[in-house]
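>>> sequence plus predicted model, see below.
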Amino acid sequence: MSRRETTLRARVSAAILEAAAALLAERGEQASMADVAVAAGMARATVYRYFPNREALFDALGHVAVEQAGERLQAGRLQDVPIPEAFERAVRALVGVGDYLVVVSRENARPDTAEFDRRAASPLRELIERAQSLGEVRSDLPASWLMESLIGIVVSGLQTRPSLGVEDTVAGITSLFLNGARLQQT
């Protein structure tokens, strides 16, 4: 395959995945492969040529979500900044994954467990453990439970599609996780 064909194949695949992520995040399991083709602006046969079944599509969506989350979390250098800023960076990284994260949070789009743990869960768990050791977040709960809670809050925020901009969404999610839902006194 020539370089041009490889580039075209990568672009078509990315367009299908982007359309699928948006559609599945919005409509969930009710969206069919035909719906994905329509959303991507392609023939159903083209979608099936790239992703022969729903499982292959979900596997690819999971791979993209883990890859993006891992890259964004690593770029955030969470270990190099104070805890509140690190949580803000972590939330921004997860929010940046967007619809892919929403789809992966559902049961049919599970990424490779080892890869998810290495690239996404470990950096988040390490941040929480560091925050616990410094007394900045509660230590009476396991770090893994707090990590799952953080991811859940991010996914919930993304699913509701608030009219907030990215930075307000990040600030709201970070504040909710670190401070809870209690009204903050000013």
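Arrived safely, thanks for sending.

>>> by contact count, what packs against the lengthiest helix in the chain?
Determined from DSSP state H, the single longest helix within the chain is helix 3-27. On a contact count with 3 or more C-beta pairs under 8 Å, 6 or more residues apart in numbering; DSSP states H and E, helix 3-27 meets helix 33-40, helix 44-50, helix 54-75, helix 99-105. Bear in mind the C-beta positions are built from the backbone N, C-alpha and C, glycine included.

>>> how about 10 Å then?
Packing partners of helix 3-27 (3 or more C-beta pairs under 10 Å, 6 or more residues apart in numbering; DSSP states H and E): helix 33-40, helix 44-50, helix 54-75, helix 99-105, helix 143-160.

>>> from the chain's centre, how far out does the second one sit?
Pointing back at helix 44-50 there. Mean-position distance between helix 44-50 and its chain equals 25 Å (C-alpha atoms, centre = their mean, to the nearest Å).

>>> begin at 46 from here
Okay, residue one is now 46; in that scheme the one you just asked about reads as helix 89-95.

>>> show me how the protein divides into domains.
Domain assignment for the chain, taken from automatic domain parsing, gives 46-97, 101-231.

>>> ok, back up a step: nearest to P168, out of the helices and strands packed on helix 48-72?
Nearest to P168 among these is helix 99-120; the distance by C-beta to C-beta comes to 4.4 Å.

>>> so how far is that closest one from its chain's centroid?
Centre to centre, stretch against its chain (C-alpha atoms, centre = their mean), the figure for helix 99-120 is 8 Å.

>>> which parts of it are buried?
Within helix 99-120, the residues scored as buried using 16 or more other C-beta atoms under 10 Å are 99, 102-115, 117-118.
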